[in-house]
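Asks: Pasting a predicted model and its sequence here:
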Amino acid sequence: MYREISPPPELAPFVECFWISDVQADGCQRILPDGCVDILFFSRGSEVVDAQVVGAMTRFQDARLSADETILGVRFHPGMAGAGLPCDISLFNDRAVPLEAVLGRLARTLLRDLGRRSSIEARLETLGERIVVRPKINEVQQAIGQLVRQRGRLPIAEFADVAGLSDRQLRRCCCRHSGLSPKQLARILRFRHAGNLLRRGMQNLAGLALDCGYYDQAHMILDFRHLAGISPARYRRQFAR
């Protein structure tokens, strides 16, 4: 049971979506890389029992889920997690860390205040007020945004030009803001776009590979096996709508 909620306009430059997952039974869920950083709040009944930061992922992970648990998530756009987490985002790559380890007392206060809100709408309002500081978007973040809009198909030299940096400076700044190097981020965004098309049932894998910027179908298969742990064909069978 999973649904996404669009953020209000003032948060849209930073937050891709809020999302809610109601876990019906104990189990395991495969989580795929998407270039984003999430903050998760775990509830049992009306009580908010835990909060975690899940960093940018460089390949799939299998997460354990517990029955009767509700997860409320804040998903930041690639490169924008600094609006809620004022630190080097690359520290969280492929990890889930307690929110309190990042925000300290603010995290404890936030969990207390969320627990006092009985509805999802009230909790989302609280998160919007407390978790996003809405800083000025800098040139590196603007360049990352362009890479996202291009679905990873922006040459690194052009990416560096948009950011106004050398290739070496770009790598350092892109890692600090997104957790990923420019090549890693481009690869994951390309994979995410291909996955979205497969979910819609696209059948021509060779054409899909070329449309998404892969060298050929074999290149796409290798990426899917590394990032998702399965082939594109199996991905389509499992996730097609």
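Replies: Cool, the structure landed.

Asks: Go ahead and flag the most central residue of the protein.
Replies: Taking CA atoms, centre = their mean as the criterion, Cys36 is the residue nearest the geometric centre of the chain, at 2.2 Å.

Asks: Now do the contacts for that residue.
Replies: By CB atoms under 8 Å, 6 or more residues apart in numbering, the contact list for Cys36 reads 16, 56, 75-78, 81. The C-beta positions use only the backbone N, C-alpha and C, and glycine is treated the same way.

Asks: Tell me which of those fall in helices.
Replies: Applying DSSP state H to these, no entry is found in helices.

Asks: In the residues you listed, find the pair that's most separated.
Replies: Glu16 and Ala56 (12.9 Å; CB to CB).

Asks: Pretty sure Asn93 sits against Ala56.
Replies: Yes - at 5.5 Å, Asn93 and Ala56 qualify as touching, with contact defined as CB atoms under 8 Å.

Asks: Got the domain ranges for this structure?
Replies: The chain is divided into the following domains under automatic domain parsing: 2-130, 139-239.

Asks: Including mean pLDDT, could the ones you listed go into TSV?
Replies: What follows is the domains of the chain, written out as TSV (pLDDT from 0 to 100):
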stretch	mean pLDDT
domain 2-130	91
domain 139-239	93
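
Asks: can you give me the strands for the protein?
Replies: Residue ranges of the strands in the chain, as given by DSSP state E, are 2-5, 15-23, 27-31, 37-44, 47-54, 61-65, 69-76, 96-98.

Asks: Now the residue nearest to the centre of the chain. Nearest residue, chain neighbours left out?
Replies: Arg75 (5.1 Å; CB to CB, 6 or more residues apart in numbering).

Asks: what's the answer for Leu170, then?
Replies: Using CB to CB, 6+ apart and skipping residues adjacent in sequence, the residue nearest Leu170 is Ala160, 4.5 Å away.

Asks: Stretch 50-64: end-to-end distance?
Replies: 15 Å (CA to CA, to the nearest Å).

Asks: tell me which strands and helices the longest helix seen in the chain is in contact with?
Replies: In the chain, assigned by DSSP H, the helix with the most residues is helix 182-199. If contacts are counted by 3 or more CB pairs under 8 Å, 6 or more residues apart in numbering; DSSP states H and E, helix 182-199 sits against helix 139-149, helix 156-163, helix 167-178, helix 205-211, helix 217-227, helix 232-239.

Asks: Which of those helices sits closest to Ala51?
Replies: Proximity to Ala51 (CB to CB) singles out helix 167-178 among the helices and strands packed on helix 182-199, at 21.5 Å.

Asks: Run through who's touching the closest one.
Replies: 35, 37, 56, 78-82, 88-90, 140-141, 143-144, 156-157, 159-160, 163, 165, 180-182, 185.
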